[in-house]
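S.K.: Quick one: sequence and predicted model below, then my questions.
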Amino acid sequence: MAHKKKMTAADKAAYKKENEAHLAALRRQPDVGELRCGVLYRVLRAAPDPSDEPDERRRRKLESTPSPRTVVTVHYTGRLITGKQFDSSHRGNGTPVAFRVNELITGWQVALVNMHIGEKWEIHVPAAAGYGERGAGRDIPGDSTLIFELELLDMV
């Protein structure tokens, strides 16, 4: 059984600083926006124009954004700043997943309430809006910036 190498205090401090530097550099890029809690995003694919939709109910849905209590269907891939992938809805059978927005990490909540159906964003979630100092499981160390490619497919 492989064991995760325990990080020293110096390693943890260097890792935290590297993640903060990643966000600072990204923040200076012209195609990157910033949402509350320091969540950074880049639109990879814009939503379709709702005015092209002939069905009134569907058009209203395309014009709206999820609320915190909305159940959304998404495709996503999560990775660290090192490029290491830690999760993906494309694994296994590749079926999109459904979540209630207010049951997700803060960074996802902040992004999703600003997205429209059909949009695909790359979001960079600071540790404080992700898993914080503790991290999550063995794949996400504490103080990790989380990078997600997030596609909003539907909402109910």
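M.R.: Structure's in. What do you need? Quick caveat, the model's predicted, so the values are computed rather than measured.
S.K.: Mind naming the longest helix for the chain?
M.R.: Among the elements of type helix in the chain, defined by DSSP state H, the one spanning the most residues is helix 9-27.
S.K.: quick one: that helix to chain centroid distance?
M.R.: Counting by CA atoms, centre = their mean, to the nearest Å, helix 9-27 is centred 18 Å from the centre of its parent chain.
S.K.: Return the list of helices and strands in contact with it.
M.R.: For helix 9-27, the contact count by 3 or more CB pairs under 8 Å, 6 or more residues apart in numbering; DSSP states H and E identifies strand 40-45, strand 120-125 as packing neighbours. Where C-beta positions appear, they are placed from N, C-alpha and C, glycine not excepted.
S.K.: Can you report the mean pLDDT over the residues of stretch 44-56?
M.R.: Averaging pLDDT along stretch 44-56 gives 93.
S.K.: Only the buried residues of it, if you could.
M.R.: Within stretch 44-56, the residues that qualify as buried are 47, 50, counting by 16 or more other CB atoms under 10 Å.
S.K.: Identify the residues contacting it?
M.R.: Residues lying outside stretch 44-56 but in contact with it, judged by CB atoms under 8 Å, 6 or more residues apart in numbering, are 59, 62-63, 115-122, 149, 151.
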